[in-house]
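Trainee: coords please:
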Amino acid sequence: MGKKETLTITVSEQLKKKVKVFVAEHSTTINKIASDFLECYLDHYKEFGKLCQKGGDDEKN
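Mentor: Presented below is the predicted three-dimensional model:
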C-alpha cells in the first residue's frame, strides 16, 4: 500500500457546531447509509474475490 497522507482543514467553531448538530440529528440515517454501503461493498468484494480466484484457476489448468 502507498503511504498515508493527512489532510487538515481549518473550519470555524460555528461550522463545527453545525456539523455536530447535523450528525446528532441524523445519526440513525447516517449509520444506516454507512451500514448498507459496507454490507453491499463487502458482498461485492467477496464476489469479486471469487471471480479473481476462478480466473487464476482457469489460467493454471
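Trainee: so which residues make contact with the helix or strand containing Lys17?
Mentor: Assigned by DSSP states H and E, Lys17 belongs to helix 13-25. Outside helix 13-25, the residues that touch it by C-beta atoms under 8 Å, 6 or more residues apart in numbering are Ile30. For glycine as for every other residue, the C-beta is placed from the backbone atoms N, C-alpha and C.
Trainee: please report how far the residue nearest the centre of the chain lies from Ile30.
Mentor: Centroid-nearest residue in the chain, with C-alpha atoms, centre = their mean: Leu38, separated by 6.2 Å. Per C-beta to C-beta, to the nearest Å, Leu38 is found 13 Å from Ile30.
Trainee: with Leu15 instead?
Mentor: Taken as C-beta to C-beta, the span from Leu15 to Ile30 is 17 Å.
Trainee: those two: which is more packed in?
Mentor: More crowded of Leu15 and Ile30, by other C-beta atoms under 10 Å: Ile30, with 13 against 10.
Trainee: next secondary structure element downstream of the helix holding Lys17?
Mentor: Using DSSP H and E, the next helix or strand after helix 13-25 towards the C-terminus is helix 27-60.
Trainee: that following helix to helix 13-25, inter-axis angle?
Mentor: 80 degrees (axes from the mean of the first three to the mean of the last three C-alpha atoms, to 10 degrees).
Trainee: pLDDT below threshold where in the chain?
Mentor: Low-confidence segments of the chain, defined by pLDDT under 70: 1, 55-61.
Trainee: who are the neighbours in contact with Asp36?
Mentor: With C-beta under 8 Å, 6+ apart as the criterion, no residue contacts Asp36.
Trainee: so that it lines up with my notes, have the first residue be 51 from now on.
Mentor: Let's use 51 as the start, then, which means that last one is Asp86.
Trainee: next one: it from Leu65, what distance?
Mentor: Applying C-beta to C-beta to Asp86 and Leu65 gives a distance of 27 Å.
Trainee: and Ile59, by the same measure?
Mentor: Noted for Ile59: a distance of 10 Å to Leu65, by C-beta to C-beta.
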